[in-house]
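sequence? don't have it. structure:
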């Protein structure tokens, strides 16, 4: 059951990323780009969560990779927000 929830979270993050990046491509509003990139990172992190918890089991822990990816994309999002408010 947990694998299903993790998979649905991954799918939802992917849908959010696709919708935001599609809207950015149409309007070129850069906040949509930063949000889309952030959700792309969340999708990658959730996909690693599915692999970690469902397929690998407790022997291998990929938490540091998930946290690292989340940190990188959160920093990208924050820098994008700061950069766009200065213009």
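It's in. Since the model is a prediction, treat every value here as computed from it, not as a measurement.

burial of the closest residue to residue 62 other than its chain neighbours, as a residue count?
If the residues on either side of it in the chain are set aside, residue 62 comes closest to residue 52, at 4.0 Å by Cβ to Cβ, 6 or more residues apart in numbering. The way it works is simple: take the backbone N, C-alpha and C, and place the C-beta from them, glycine included. Here the count is done by other Cβ atoms under 10 Å, and residue 52 has 18 residues near it.

for the record, mean pLDDT for the longest helix seen in the chain?
The single longest helix within the chain, with elements called by DSSP state H, is helix 2-27. Confidence for helix 2-27, expressed as mean pLDDT, is 95.

After it, which helix or strand is next? Please name it.
Per DSSP states H and E, helix 2-27 leads on to helix 30-50 as the next helix or strand towards the C-terminus.

Would you mark the buried spots in the following helix or strand past that next one?
Downstream of helix 30-50, the next assigned helix or strand under DSSP H and E is helix 63-85. Neighbour-count burial for helix 63-85, counted by 16 or more other Cβ atoms under 10 Å, picks out 66, 69-70, 73, 77, 80.

One more: stretch 23-35?
So stretch 23-35, judged by 16+ other Cβ under 10 Å, has buried residues 24, 32-35.

ok, the residue nearest to residue 62 - contacts?
Going by Cβ atoms under 8 Å, 6 or more residues apart in numbering, residue 52 touches 60-63, 66.

and what of residue 9?
Residue 9 makes contacts with 46, 49, as judged by Cβ under 8 Å, 6+ apart.

Quickly note the distance from it to residue 78.
Going from residue 9 to residue 78 by Cβ to Cβ, to the nearest Å gives 22 Å.

Next: residue 26.
From residue 26 to residue 78 the distance is 25 Å (Cβ to Cβ).
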